[in-house]
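Asker: here is the input, now give the coordinates:
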Amino acid sequence: MGIDTVLWSRLVTGITLGFHMIFATIGVGIPLMIAIAEFIGIRKQDSHYTLMAKRWARGFVISVAVGVVTGTAISLQLALVWPNFMKLAGNVIALPLFMEVFAFFFEAIFLGIYLYTWDRFKNPYIHWLLTLPIVLGAGMSAVFITTVNGFMNQPGGFTMQGGQFTAVNPVQAMLNTATFSKVFHVLSSAYLTGAALLAGIAAFTMLRKGVTGYHKKALKLMMAVVMLFGLLNTVAGDASAKFLAEHQPEKLAAAEWHFETESGADLILLGWLNAEHKIIGAIHLPKILSFLAFGNFNAKVTGLNEFSPDEQPPLLVHYFFDLMAGIGFALLGISVLYFLFTFWKKRNEHNKWLLRIIALGAPLAFLGVELGWFYAELGRQPWILRGYMRVEEAATTSPSVRILFFLFLLLYIVLGAVSVLVLRRLFHNNPAETEMEKWAQHAGNKRSGKDAHA
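Answerer: The predicted structure follows:
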C-alpha cells in the first residue's frame with residue numbers, strides 16, 4: 001500500500017512547529033523580562049530584582065539552545081519536505097531567512113558577553129545596556145521569520161512568468177500587507193506569554209514553599225507586564241481581524257462560521273455544527289463581527305459560501321480561534337483581578353486560589369500561542385502559498401517522509417526531557433532564597449576584605 005506523503009509532510013512540519021513554538025516564544029519573550037528586572041534592580045538598588053535577572057538568564061540559555069536545534073530542523077524540512085515550495089519561492093524568502101539567522105547570531109554574541117560580565121563594571125548600567133541588543137536580536141528574529149509567514153499568506157514582490165517568480169524584490173515581499181498585523185500579534189503574544197510564564201512560576205513556588213519577598217516582587221512585576229501586553233495583544237488581535245476582513249475574508253469567515261454575506265453580521269462564540277452545518281448552542285453577539293471587521297456595526301462581511309468549496313479553510317479553525325481569543329482575555333482578566341486584590345486592602349492577592357489561577361495562566365498562555373499558530377496555518381488551507389501553490393503541490397513524494405517523522409519525534413522527546421532535567425538541576429536544588437543568602441554573604445565578605453585592606 002502507498003502512503004499519503006502529503007499527510008506525513010504535514011505531520012512532520014506540524015510537530016516541529018508545535019515544539020519549536022514553545023522555545024521560540026520563550027526566546028523572544030524572556031529577554032525583555034530580564035532587561036526590565038535588572039533595570040529596576042539598579043534603579044531601586046534592590047538585589048531581589050538583580051537576582052531575578054540572573055536566574056531568568058540562566059534558564060533562558062537553555063531555551064536558546066533548544067530553539068536553535070528546532071529552528072535548524074525547520075530550515076532543513078523546507079528543503080526535504082516541501083521541495084516544490086522552495087523551488088518556486090526559495091529566491092523570494094532567502095533574504096528574511098538569512099536575516100533571521102543573522103539576528104540570532106547578533107543576539108547570541110551579546111548574550112555570551114552579558115552572562116560572563118556580571119559585576120565586572122563599576123557602573124552597573126553598562127552591564128544592563130547589554131540586554132538591549134539581546135532583546136533587539138530576539139525580537140528581530142521573530143520579525144524576519146514572521147515576514148516569511150506573511151508572504152505565504154499575501155505573496156508579493158515578484159512577477160509570475162513561465163511558472164516561475166521573476167523580477168523578485170525581496171524587501172517588498174517581506175513588507176507584504178500581512179506583515180504589520182502578524183508581527184504585532186507575534187511580538188505582543190510572546191511578551192505576554194513570557195511574563196505569564198514567570199508569574200506562574202512565582203505563584204507555583206509560593207504555593208509550594210510559602211510567600212517570600214523575592215517571589216512577591218517577581219509576581220507583582222510580571223503581573224504588571226501581563227496586564228500591559230494583555231492590552232496590547234487585544235489591540236493586535238483587533239488589527240489582525242481587520243486585516244483578515246479586507247485581505248483574507250475566507251479565513252475570517254471560517255473562524256467565525258459566517259456562511260452568508262450580510263450586513264450587521266453577528267459574532268458567534270462557542271457552539272458546534274450539526275451534519276447540515278447548522279450552528280447549535282452558540283452565543284450570538286448582534287452586529288459585533290461587522291464592527292470588529294470594519295469598525296462599523298452595519299458593515300457587510302463576506303460569507304464563506306462566496307468561495308469555492310475546494311478553497312475553503314477547515315471549519316475546525318473556529319474552535320482554535322475561540323480558545324485562542326478566550327485565553328488572551330483570560331490572562332488579561334487574571335492580571336486585573338490580581339491588582340484589584342492588591343489595592344483592595346480587605347483582600348489578599350497572595351491567597352491560594354488566586355495563586356492557583358495565576359500558576360494555571362502559564363500553561364494556558366503557551367496553549368494560546370499554539371492554538372493561534374494552528375489557526376494561522378490551517379486557516380490558510382488549502383494553500384501553502386496563497387493563490388499560487390496548494391499544499392499537495394508543494395509536498396515531497398518520497399515515502400521516506402514517514403521515517404523522517406519518527407526521527408524528529410524522537411529528537412523532540414529527547415530535547416524536551418533533557419530541557420526539563422537541566423532546568424530542574426539549575427533551580428530545584430538552588431532556590432532563590434538560598435542563592436540570596438549566599439550572595440549577601442559573599443558581598444559581606446567582599447566588603448570586610450576591603451575594610452581590612454583599608
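Asker: how about residue 235, what does it touch?
Answerer: Residues near residue 235 by CB atoms under 8 Å, 6 or more residues apart in numbering: 184, 188. C-beta coordinates here come from the backbone N, C-alpha and C atoms, glycine included.
Asker: which SS class is it?
Answerer: With DSSP: H, G, I helix; E, B strand; the rest coil as the basis, residue 235 sits in helix.
Asker: roughly how far does it sit from residue 176?
Answerer: If you measure residue 235 against residue 176 using CB to CB, to the nearest Å, the figure is 21 Å.
Asker: now do the one helix or strand residue 7 maps to, average pLDDT.
Answerer: Using DSSP states H and E, residue 7 falls within helix 5-44. Across helix 5-44, the average pLDDT comes to 89.
Asker: try stretch 396-410
Answerer: For stretch 396-410, the mean per-residue pLDDT is 87.
Asker: just stretch 159-173 next, same as before
Answerer: 82.
Asker: could you export stretch 91-103 as PDB, CA atoms only?
Answerer: Presented in PDB, the C-alpha positions along stretch 91-103 are these (Å, rounded to 0.1, in the frame of the first residue of the first chain):
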ATOM      1  CA  ASN A  91      14.700  33.000  -4.100                       C
ATOM      2  CA  VAL A  92      12.000  35.200  -2.500                       C
ATOM      3  CA  ILE A  93      12.300  34.100   1.100                       C
ATOM      4  CA  ALA A  94      16.000  33.600   1.100                       C
ATOM      5  CA  LEU A  95      16.700  37.200   2.400                       C
ATOM      6  CA  PRO A  96      14.400  37.000   5.500                       C
ATOM      7  CA  LEU A  97      15.700  33.500   6.300                       C
ATOM      8  CA  PHE A  98      19.300  34.800   6.200                       C
ATOM      9  CA  MET A  99      18.400  37.900   8.200                       C
ATOM     10  CA  GLU A 100      16.700  35.700  10.900                       C
ATOM     11  CA  VAL A 101      20.000  33.700  11.300                       C
ATOM     12  CA  PHE A 102      21.900  36.900  11.400                       C
ATOM     13  CA  ALA A 103      19.700  38.300  14.100                       C
END
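Asker: in stretch 377-384, what counts as buried?
Answerer: Across stretch 377-384, burial judged by 16 or more other CB atoms under 10 Å covers 377, 378, 379, 380, 381, 383, 384.
Asker: measure the third one to residue 189 for me?
Answerer: Applying CB to CB, one obtains 16 Å for the distance of residue 379 from residue 189.
Asker: distance of residue 182 from residue 325?
Answerer: Relative to residue 325, residue 182 is positioned 16 Å away (CB to CB).
Asker: who's more crowded, those two?
Answerer: Using other CB atoms under 10 Å as the criterion, residue 182 and residue 325 rank with residue 182 on top: 23 against 20.
Asker: wait, what's in contact with residue 93?
Answerer: Contacts of residue 93 (CB under 8 Å, 6+ apart): 148, 151, 170, 173.
Asker: tell me the spacing between it and residue 144.
Answerer: For residue 93 relative to residue 144 (CB to CB), the value is 10 Å.
Asker: can you map out the strands along the stretch 301-450 of the chain?
Answerer: Remark: strands assigned in the stretch 301-450 of the chain by DSSP state E, counting those that start in this stretch are 383-385, 389-390.
Asker: just checking, what packs against the shortest one?
Answerer: The reference is to strand 389-390. When contacts are defined as 3 or more CB pairs under 8 Å, 6 or more residues apart in numbering; DSSP states H and E, strand 389-390 sits against helix 83-115, strand 383-385.
Asker: which residues are contacting it?
Answerer: Under CB under 8 Å, 6+ apart, the answer for strand 389-390 is 84, 85, 88, 89, 382, 383, 384.
Asker: including pLDDT and distance to residue 330, could the residues you listed go into JSON lines?
Answerer: Shown next, in JSON lines, are the contacts of strand 389-390 (pLDDT from 0 to 100; distance: CB to CB, whole Å):
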{"residue": "84", "pLDDT": "88", "distance to residue 330": "41"}
{"residue": "85", "pLDDT": "87", "distance to residue 330": "36"}
{"residue": "88", "pLDDT": "85", "distance to residue 330": "41"}
{"residue": "89", "pLDDT": "84", "distance to residue 330": "37"}
{"residue": "382", "pLDDT": "89", "distance to residue 330": "32"}
{"residue": "383", "pLDDT": "88", "distance to residue 330": "32"}
{"residue": "384", "pLDDT": "88", "distance to residue 330": "32"}
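Asker: closest to residue 393 out of these?
Answerer: residue 84 (6.1 Å; CB to CB).
Asker: tell me who's in contact with that closest one.
Answerer: If a contact means CB under 8 Å, 6+ apart, then residue 84 has 389, 393, 394, 395 as its contacts.
Asker: who's in contact with residue 401?
Answerer: Under the criterion of CB under 8 Å, 6+ apart, the contact list for residue 401 reads 5, 8, 9, 12, 80, 81, 395.
Asker: what's the answer for residue 410, then?
Answerer: No residues are in contact with residue 410 under the rule CB under 8 Å, 6+ apart.
Asker: quick check: it vs residue 274, distance?
Answerer: In terms of CB to CB, residue 410 sits 41 Å off from residue 274.
Asker: for residue 190, same thing?
Answerer: Taking CB to CB as the measure, residue 190 falls 38 Å from residue 274.
Asker: possible to save the contacts of residue 93 as a markdown table with distance to residue 19, secondary structure and neighbour count?
Answerer: A markdown table is the format used below for those (distance: CB to CB, whole Å; DSSP: H, G, I helix; E, B strand; the rest coil; neighbours: other CB atoms under 10 Å):
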| residue | distance to residue 19 | secondary structure | neighbour count |
| --- | --- | --- | --- |
| 148 | 19 | helix | 21 |
| 151 | 23 | helix | 26 |
| 170 | 29 | helix | 19 |
| 173 | 28 | helix | 25 |
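Asker: need the max-distance pair from those.
Answerer: 148 and 170, at 10.7 Å, using CB to CB across these.
Asker: mind listing the shared neighbours of the two?
Answerer: Common contact partners of residue 148 and residue 170 (CB under 8 Å, 6+ apart): 93, 96.
Asker: returning to that earlier point: residue 340 is nearest to which of the helices and strands packed on strand 389-390?
Answerer: Closest of these to residue 340 is helix 83-115, at 36.4 Å (criterion: CB to CB).
Asker: which SSE is immediately downstream of the closest one?
Answerer: Heading C-terminal from helix 83-115 (DSSP H and E), you reach helix 124-129.
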